[in-house]
Structure formats: structure tokens, C-alpha cells
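Please find the sequence and the predicted model below.
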Amino acid sequence: MDKKSNEQWACRFTKVKAVVVELDELISRIKADHKIQTMMEEPLSMKTITRSTDTVILVKPKVDGTPVDVTCLLNEIAKLNVKFTAIPKANITWYKADSTEIKADDHFQIITDDNGQSTLTINDATLQDSQSYTARATHKVRFVVAKVNLNVKAPPKVEASQSMNDQSCVIGQGAQISWKFSGIEKPQVIWFFNDKPLPTNDHFQVAETGDKTSTLLIRQTELADQGVYTARAINTVGEAEAKTTLKIDCIKPAINTDLSPTLQVTKGETMTLNIGVSGTPKPNVVWMKSNDELTANDRIQVTIPTGDDDTYILTISNVQPEDQGEYSVKITHVSGSLKSNTCKVTVSSMS
């Protein structure tokens with residue numbers, strides 16, 4: 001076979017590297033090409049490949065340094081950086097956690113400089129952006145990937161149209177104040193009363209639910225419980241607070257059953273006077289004889305009602321002539337005062 005004439009013909013085709021007419025030469029070239037292929041597949045960072053008179057240097061891509069995970073606040077800008085080294089320069093693409101390739105738009109921007117540093121910028125970060133991102137550097141020799149995690153955090157937020165409200169309850173009854181907060185990372189909620197930390201005890205109890213609602217329970221409210229209650233939610237990013245002004249309502253006293261106008265008793269017997277008075281909290285009732293306040297002793301007994309009962313009782317045993325006179329009740333309450341009718345008591349001698 002004429003090698004020279006075939007070389008003249010083959011020179012018109014760039015992909016023909018050589019014309020071989022000898023079997024030994026052909027075997028030698030096959031071995032050389034196989035050696036080059038093996039070198040390209042080995043996990044070495046650099047290859048020097050010689051084909052005839054051409055020398056090509058290939059450096060497979062690798063991650064330069066350790067990518068740093070990023071944390072940003074909700075609606076802020078997040079920048080994720082990865083640097084690759086490769087010869088020739090690698091082509092870098094970014095992917096979301098679900099392997100979707102990221103295309104540049106108003107939300108995502110990708111910039112790669114000549115030094116192999118690629119930056120994925122996420123504008124106005126949302127909670128959905130909180131995930132793992134992969135940068136892939138593709139090269140003639142092979143490809144390599146690097147992962148960067150983005151953690152989007154949000155400070156607590158009051159889940160209500162307004163962070164202040166008013167409540168009221170009747171004194172003696174229970175009160176319940178609830179506020180719901182949102183935020184990445186469950187916030188810790190601390191309660192305050194008139195700007196001072198509120199202790200938890202039998203009177204004040206706090207309950208938390210899975211939807212990040214904090215509820216303050218006040219058992220058997222008192223007038224001293226009236227004031228401003230603040231729920232302050234705190235996480236590692238920030239805090240938020242909501243305020244409730246609690247008003248304790250009282251039920252004004254009322255005389256439901258008044259004293260009888262007159263009462264006649266016999267000396268030595270027991271005298272009983274009853275009056276029915278309601279109100280919340282229970283009013284203070286003082287028994288009077290004329291203008292003098294009666295105090296309990298061996299003969300005089302004053303009974304104060306409990307529970308829903310509203311009957312106040314004055315009992316005088318072994319009635320004597322000096323017990324004769326005008327009896328009345330003076331009623332005082334946080335919301336006002338009242339006075340009963342007068343009962344004229346007559347003590348007669350034993351027949």
C-alpha cells in the first residue's frame with residue numbers, strides 16, 4: 001500500500017491523524033491512544049495529553065474550599081457562593097433541591113467570574129427558598145458538585161390585625177387571654193403584667209398549643225388583676241409582643257329581700273333578722289342599731305352567705321329589753337353603697 005499517496009489524500013480531512021500501513025505501527029498507535037484514554041479517566045487533578053505534536057493540559061474541576069451555608073431573614077437578599085478550579089474553565093449551573101435547574105430571573109441571579117467563583121443571588125427570600133442548592137461544574141474531563149444550604153428565618157409575628165386589644169370579665173370569674181404568633185423557629189412566649197414578669201402559679205397559668213398560640217388563664221379574677229398583660233414572643237431572630245388591657249367588672253349591690261318594717265319578740269327568746277343582698281364581689285354588710293354598729297359576741301351572731309346564697313342573718317339570743325330599737329343594714333361595695341329599710345323591734349315581757 002502506498003503510504004505517501006494516501007497521506008496526500010488524508011490531509012484534506014482534519015480528523016485523520018495518521019496513515020498507517022504497517023501492522024506493528026498500528027498496534028503501537030492503538031496502545032498509545034488507550035494509554036491516553038486511561039489517563040483521562042484516572043482521578044488525578046491534571047493531565048498532560050500528547051497527540052503527535054499537540055499537547056493539551058486538562059485539570060478536572062474541583063471545589064475550592066468549603067462552601068458556607070447561608071442564613072438570612074425573610075424578604076432579605078441571600079447570596080450563595082461556590083468556587084471551582086478547572087482547566088479549561090468549567091460551565092457552572094445551579095439546581096434546587098428537587099433537581100430543577102435554576103434560570104436567571106427577577107428572583108434568581110447567577111454570576112460566575114473568570115476565577116471560577118459562582119454566586120447565586122436570591123432576591124426577597126421567601127420561606128420556600130429555605131432549602132439545599134447544588135452548583136454543578138461541568139468539564140471535558142468530568143463534573144463535580146457542591147451543595148450550599150439556605151436557611152430563611154423569620155422573627156415572630158403577631159397573627160392578628162392589631163397587636164393590642166381590650167377584654168373584660170366579671171370579678172370572681174375566670175379570664176382567658178390568647179395571642180397567636182408565627183415565625184420560623186417556634187418562639188418562646190413570656191407574659192408580663194404591667195411591664196413586670198408574670199409568675200405562674202395556681203392563680204396564673206400559661207398554656208401553649210401546637211399552632212403557636214399562647215394562652216394566659218386567670219382563675220377567680222380579683223380587682224388587683226386589672227391592668228395590661230403583655231405576651232412577648234422571642235426567637236433567635238427577633239421578637240414581637242401583643243398587649244391586652246383587662247378590665248375587671250363588678251356587679252353593683254342590690255337588695256333582693258329587705259328588712260321587715262316591724263318585728264315583735266318576747267324577752268328571753270331568740271331574734272332573727274334576714275336581708276338578701278347580691279353583688280360581685282360580695283358586698284360588705286354591717287348591722288346597725290340606731291347609729292351604732294353591732295359587733296358579734298356571746299349573744300349576737302352575724303352569718304355571711306357563701307356560694308350563690310345572698311342572705312345575711314343577724315341573730316340575737318336571749319333577747320332583753322335593751323335590744324329593743326331600730327335595726328338597719330349598711331351595705332358597702334367597690335361600686336357603691338346602699339342602706340336597707342329600718343326594722344323597728346319591740347321586746348315584750350314574758351306572759
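Looks like it came in fine.

Domains of this protein: list them as residue ranges, please.
Using automatic domain parsing, the domain parsing of the chain gives 3-42, 62-153, 157-249, 252-348.

Tell me who's in contact with D258.
Residues in contact with D258 (CB atoms under 8 Å, 6 or more residues apart in numbering) are 275-276, 340-341. C-beta coordinates here come from the backbone N, C-alpha and C atoms, glycine included.

let's see 6 Å
340-341 (CB atoms under 6 Å, 6 or more residues apart in numbering).

follow-up on the earlier one: adding mean pLDDT, write the domains of the chain out as a markdown table.
Formatted as a markdown table, the domains of the chain follow (pLDDT from 0 to 100):
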| stretch | mean pLDDT |
| --- | --- |
| domain 3-42 | 60 |
| domain 62-153 | 94 |
| domain 157-249 | 93 |
| domain 252-348 | 94 |
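
need the strands for the stretch 101-250 of the chain, in chain order.
108-112, 117-122, 132-138, 143-153, 157-158, 164-170, 175-182, 188-193, 196-197, 204-208, 213-218, 227-234, 239-249 (DSSP state E, counting those that start in this stretch).

With mean neighbour count as new columns, can these be given to me in CSV?
Formatted as CSV, the strands of the stretch 101-250 of the chain follow (neighbours: other CB atoms under 10 Å):
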stretch, mean neighbour count
strand 108-112, 16
strand 117-122, 18
strand 132-138, 20
strand 143-153, 18
strand 157-158, 18
strand 164-170, 13
strand 175-182, 19
strand 188-193, 17
strand 196-197, 10
strand 204-208, 13
strand 213-218, 19
strand 227-234, 20
strand 239-249, 18
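
for the ones you listed, which one sits closest to Y95?
Taking CB to CB, strand 132-138 is the member of the strands of the stretch 101-250 of the chain nearest to Y95, at 4.5 Å.

The nearest residue to T332 once chain neighbours are set aside and V302: what is the separation?
Nearest residue to T332 in three dimensions, chain neighbours excluded: N284, at 4.7 Å (CB to CB, 6 or more residues apart in numbering). Going from N284 to V302 by CB to CB, to the nearest Å gives 11 Å.

joint contacts of those two?
Joint contacts of N284 and V302 (CB under 6 Å, 6+ apart) do not exist.

how about the helices of the chain, start to end?
3-10, 23-41 (DSSP state H).

so P283 touches P253, yeah?
Yes: using CB atoms under 6 Å, P283 makes contact with P253 at a distance of 4.2 Å.
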